[in-house]
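S.K.: Fold the following, please.
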Amino acid sequence: MALSGFVAGMVGLAYASVPLYELFCQVTGYGGTPQVVAAAPGTVSDKKIAIRFDANTNPKLPWKFKATQTEMTVNVGEQTLAFYEAQNLDGEDVTGTAVFNVTPLKAGPYFSKIECFCFTEQTLAAGQRVDMPVQFFIDPEIFTDPDTKDVTTVTLSYTFYPAEPEEKSVDAAEPDNKRKKS
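M.R.: Numbering: from 1, shown residues only. The predicted structure follows:
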């Protein structure tokens, strides 16, 4: 009985490990995961930091994706707006989803996003080109942390992937004449 309970608990933890790890990264900034916040702190420092912008596209996604600017220098604590550009090169609508990170990884807890195209899936019509904004700030605490005092440049990187298609229910996938009637 105890062994069965232990095995069931371990299987449950295995299934929960990915969502729990993602939550841990979002809360702590571990692995270069930026923070998501409602607004900038209001305290703007005269200290500056360079932000580089990186854009990548998975080869399976027929999009052209690039940063509008390659680098900008911002005041720490200042709410900043940057843009990426995406274009669907395919002949039909395509949906993509972006994953992101910040390097150096130790800067993740201090890079905060307010608004971002990466929060939702993006669908582009055939040939459509769009500007995709990201609004962010660097927390002034970055210069009080002994581990990040030496950070002078932070790179914000995105990679777009094809969105996973939603699974259809068995009933919705079967033609009407093949459905079992109750």
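
S.K.: rest of the way, CA atoms for contacts and neighbours
M.R.: OK.

S.K.: The closest residue to residue 98 other than its chain neighbours and residue 132, how far apart?
M.R.: Spatial nearest neighbour of residue 98, excluding adjacent residues (Cα to Cα, 6 or more residues apart in numbering): residue 160 at 4.3 Å. According to Cα to Cα, to the nearest Å, residue 160 and residue 132 sit 12 Å apart.

S.K.: Which one's more surrounded, these two?
M.R.: Shown here are residue 160 and residue 132; by other Cα atoms under 10 Å, residue 160 has more neighbours (25 against 18).

S.K.: Identify the bridge partners of the more buried one.
M.R.: residue 57, residue 98 (DSSP bridges).

S.K.: Would you mind stating the distance between it and residue 55?
M.R.: 8 Å.

S.K.: what does residue 88 give?
M.R.: Residue 88 is 15 Å from residue 55, by Cα to Cα.

S.K.: How about residue 80?
M.R.: 18 Å.

S.K.: so is the nearest residue to residue 92 once chain neighbours are set aside in a helix, a strand, or just coil?
M.R.: Among residues not flanking residue 92 along the chain, residue 126 sits closest, at 4.5 Å (Cα to Cα, 6+ apart). Here residue 126 is recorded as coil under DSSP: H, G, I helix; E, B strand; the rest coil.

S.K.: what does residue 108 give?
M.R.: Residue 108 is classified as helix under three-state DSSP.

S.K.: Pull the residues that contact stretch 124-139.
M.R.: Applying Cα atoms under 8 Å, 6 or more residues apart in numbering, the contact partners of stretch 124-139 are 40-41, 76-95, 110-117.
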